[in-house]
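Asks: Show me the folded form of this:
(one chain, ligands or ions: 1)
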Amino acid sequence: MPITTFSSFADGLERDQRCRDHFITDVNLEDDRLWVPYAQGVWFQPCHFNVTTGGFSVVLKGLAGSRIGTHYHVGTVHGYTLRGHWRYLEHDWIAKPGTFIYEPAGEAHTLVITEDSPEPMMTLFIVGGGLIYLDKAENGGFAAYEDGFSMLELCRKHYRQAGLAVRQLDLLVR
Ligand SMILES: [Fe+2]
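Replies: A predicted model of the protein is given here:
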């Protein structure tokens, strides 16, 4: 991907549409339509598109045995596990409901929902900045990029295809 692809990323809102107020949003874990497909067996629901830091907050859902490819974080990540069991291949702990995780910037990892997870994994992730997918786990190079802007576009596309109210997503932009 040429680097110029990044030169015009924006939230797509007019200046007077941008809001700095506080907001709340209600994630509905039981409504299948609201889960935005992300990877094989993995979906998310957006909570916040952080167009100030480039980060985002989501509830991630994944079926047992599914995974998200190895990626590198340019900012911090906070996570809180709601359901299911999951881990990073690069660490030896297993997150379960109630597990909070803090990850410093510079961390590269591969997220796996364990094969024996008793239910689909659901975790709230607060991602401070963009992340870079690697083409291989060891000494990998650039494969793809993700941030608050690309996640917003992914959600808008899904909401359009699913007949959901795309404007609702604008309320999550700060
Ligand atoms: Fe990550």
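Asks: neighbours around Arg67, how many?
Replies: The burial count assigned to Arg67 is 17, neighbours taken as other C-beta atoms under 10 Å. The C-beta positions use only the backbone N, C-alpha and C, and glycine is treated the same way.
Asks: Correction: the previous question concerned Ala10.
Replies: Quick note: Ala10 (other C-beta under 10 Å) scores 8 neighbours.
Asks: Same check on Phe142?
Replies: Using other C-beta under 10 Å, Phe142 has 11 neighbouring residues.
Asks: I'd like the distance between it and Thr70.
Replies: The gap separating Phe142 from Thr70 is 12 Å, by C-beta to C-beta, to the nearest Å.
Asks: list residues touching both of those two?
Replies: Listed as contacting both Phe142 and Thr70 by C-beta atoms under 8 Å, 6 or more residues apart in numbering are Tyr133, Leu134.
Asks: for the chain, what spans make up the strands?
Replies: For the chain, the strands defined by DSSP state E occupy 36-39, 42-49, 56-62, 67-73, 77-83, 86-88, 100-103, 108-113, 121-127, 131-134, 142-146.
Asks: Could you check how far the top helix by length along the chain is from the centre of its chain?
Replies: The helix spanning the most residues in the chain, taking DSSP state H as the definition, is helix 148-162. In terms of C-alpha atoms, centre = their mean, to the nearest Å, the centre of helix 148-162 is found 12 Å from the chain centre.
Asks: So what's the model's average confidence on that helix?
Replies: The average pLDDT for helix 148-162 rounds to 96.
Asks: Run the angle between that helix and strand 42-49 for me.
Replies: 120 degrees (axes from the mean of the first three to the mean of the last three C-alpha atoms, to 10 degrees).
Asks: Helix 148-162 packs against which elements?
Replies: strand 36-39, strand 42-49, strand 56-62, helix 167-170 (3 or more C-beta pairs under 8 Å, 6 or more residues apart in numbering; DSSP states H and E).
Asks: Of all the ones you listed, which one is nearest Gly129?
Replies: strand 56-62 (9.3 Å; C-beta to C-beta).
Asks: residues touching Ile132, list them.
Replies: Residues counted as contacts of Ile132 (C-beta under 8 Å, 6+ apart) are His71, Tyr72, Val74, Phe142, Ala143, Ala144, Tyr145, Glu146.
Asks: Distance check, the residue lying closest to Lys136 once chain neighbours are set aside against Asp21.
Replies: Leaving out its chain neighbours, the residue that sits closest to Lys136 by C-beta to C-beta, 6 or more residues apart in numbering is Thr70, at 7.4 Å. As judged by C-beta to C-beta, Thr70 and Asp21 stand 37 Å apart.
Asks: Thanks again, I'm all set now.
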